[in-house]
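In: When you get a sec, could you give me coordinates for this:
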Amino acid sequence: MIKAMKKKILVLCGGISKERLISLDTGKQVFNELKKNGYTAKISEPNNNLLKNIKSFKPNIIFNALHGQYGEDGYIQSILETQKIPYTHSGILASSIAMDKELSKKIFLKNKILTPKYIKFDFLRPIKNITKEIDKKLKFPVVIKPINEGSSVHVYICTKKDFMKNLKKLNIYKQILIEEFIEGREIQVAVMGQKVLGTIELKPKRKFYDYEAKYSSNAKTKHIIPVDLSKKDLSKVENIANKAHQIVGCRGVSRSDFKYHKGKFYLLEINTQPGMTKLSLVPEIASHKGITFIKLIEWILKDASINR
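Out: Numbers count the residues shown, from 1 in each chain. Coordinates of the predicted model:
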């Protein structure tokens with residue numbers, strides 16, 4: 001067991017993003033596992049009491065279990081850096097890049113990583129001509145999604161018929177991405193530090209691997225390990241995931257989400273703070289590799305630092 005055994009761990013979770021409940025679940029799972037294994041741990045929300053909690057508890061390491069805006073977009077990381085306390089997962093820059101779906105796509109493309117074509121749509125512009133632009137640049141069906149959300153929050157697959165109806169649901173955002181819909185298999189790759197941890201395939205019974213499919217046991221999404229890919233294709237997708245992890249500047253554990261269609265892997269996005277719930281993929285991949293939940297947590301804690 002790592003030296004952090006004798007150290008105090010503050011588990012940061014909750015927050016005000018649309019992924020609050022998932023973050024609370026992740027934080028609870030991590031906290032319970034730490035306590036079960038003899039750690040001194042405390043849960044804290046990232047609210048006005050955070051700095052008070054840090055001052056009174058005096059943690060040696062902060063486990064960042066936040067998801068979504070403010071938690072994995074560089075905001076909380078900038079606050080943690082000022083406290084000079086080692087924290088887990090990616091730092092300010094990598095977090096902000098990965099959370100910005102357009103910026104991360106530009107970086108993928110610059111580094112010759114295949115990603116679905118897209119249009120950025122600003123709700124300040126008229127919407128009446130957008131379908132013509134889609135017909136010209138993308139073709140229907142398309143995926144519409146917020147630029148800065150995770151866990152497939154407010155993500156819709158749209159035909160031409162239901163596009164406008166779904167588009168109006170996203171007008172709470174200033175800008176969104178309209179992305180070509182790639183049919184095919186859902187492949188997810190976890191990277192741990194400088195190495196690939198493993199790969200899993202998902203077969204959702206729903207239309208795609210959305211919020212419900214990710215976090216509801218009722219969704220009955222099928223998880224497949226090992227993945228039925230040739231050695232060549234498995235090596236290819238894992239190398240792409242590792243490359244994305246490095247070029248974005250991720251630290252700790254990341255998870256890259258792919259679509260596999262007609263022999264090509266399309267990188268949809270990279271997640272700098274994958275969930276740690278009972279239905280989460282990284283712990284499942286780790287378990288398949290013989291890494292227990294506590295050992296995974298301990299590795300993440302050992303990797304913690306400042307100036308990330």
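In: Domains in this protein, by residue range?
Out: Here the domain parsing of the chain from automatic domain parsing is 3-89, 97-114+183-296, 118-180.
In: any chance of those domains in TSV, plus mean pLDDT and mean neighbour count?
Out: Quick note: C-beta positions are derived from backbone N, CA and C, even for glycine. Written out in TSV, the entries for these read as follows (pLDDT from 0 to 100; neighbours: other Cβ atoms under 10 Å):
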stretch	mean pLDDT	mean neighbour count
domain 3-89	91	19
domain 97-114+183-296	91	18
domain 118-180	88	16
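In: Could you dump those domains into JSON lines with distance to residue 308 added?
Out: Shown next, in JSON lines, are those (distance: least, Cβ to Cβ, whole Å):
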{"stretch": "domain 3-89", "distance to residue 308": "7"}
{"stretch": "domain 97-114+183-296", "distance to residue 308": "5"}
{"stretch": "domain 118-180", "distance to residue 308": "19"}
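In: Go through those and name the closest to residue 302.
Out: Using Cβ to Cβ as the measure, domain 3-89 is the one of these that comes nearest residue 302, at 6.6 Å.
In: Is residue 121 in a helix, a strand, or coil?
Out: Reducing the assignment to helix, strand or coil with DSSP: H, G, I helix; E, B strand; the rest coil, the entry for residue 121 is strand.
In: Go through the domains of the chain and name the closest to residue 307.
Out: Each of the domains of the chain was scored for nearness to residue 307 using Cβ to Cβ, and the closest is domain 3-89 (7.2 Å).
In: what residues are up against residue 58?
Out: Counting by Cβ atoms under 8 Å, 6 or more residues apart in numbering, residue 58 makes contact with residue 8.
In: Over to residue 283?
Out: Contacts here follow Cβ under 8 Å, 6+ apart; on that basis residue 283 touches 276, 293, 296.
In: Take the residues you listed and keep only those in helices.
Out: Among those, the subset assigned to helices under DSSP state H consists of 293, 296.
In: Switch the contacts of residue 283 over to TSV; also include distance to residue 242.
Out: Below are the contacts of residue 283 laid out as TSV (distance: Cβ to Cβ, whole Å):
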residue	distance to residue 242
276	21
293	23
296	18
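In: so what's residue 258 bridging to?
Out: Listed beta-bridge partners, residue 258: residue 187, residue 267 (assigned using DSSP bridges).
In: From residue 265, how far off is it?
Out: In this structure, residue 258 lies at 5 Å from residue 265, with Cβ to Cβ, to the nearest Å as the measure.
In: Now do stretch 75-95: distance to the chain's middle.
Out: Using Cα atoms, centre = their mean, to the nearest Å, the distance from the centre of stretch 75-95 to the centre of the chain it belongs to is 16 Å.
In: Just the terminal-to-terminal distance for that stretch.
Out: In stretch 75-95, first residue to last residue: 9 Å (Cα to Cα, to the nearest Å).
In: What are the contacting residues of that stretch?
Out: Outside stretch 75-95, the residues that touch it by Cβ under 8 Å, 6+ apart are 12, 15, 46, 50-51, 54, 59-64, 66, 69-70, 72-74, 98, 248-254, 272-273, 300-301, 303-308.
In: Take these and keep only those in helices.
Out: Those of these mapping onto helices are 50, 51, 54, 98, 248, 300, 301, 303, per DSSP H.
In: can you pull out the strands in this structure?
Out: 8-12, 40-44, 61-64, 118-122, 142-146, 156-158, 175-180, 185-192, 195-203, 222-224, 253-261, 264-271 (DSSP state E).
In: how about TSV for those strands, with distance to residue 90 added?
Out: Shown next, in TSV, are those (distance: least, Cβ to Cβ, whole Å):
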stretch	distance to residue 90
strand 8-12	14
strand 40-44	20
strand 61-64	9
strand 118-122	23
strand 142-146	20
strand 156-158	28
strand 175-180	21
strand 185-192	11
strand 195-203	16
strand 222-224	25
strand 253-261	7
strand 264-271	10
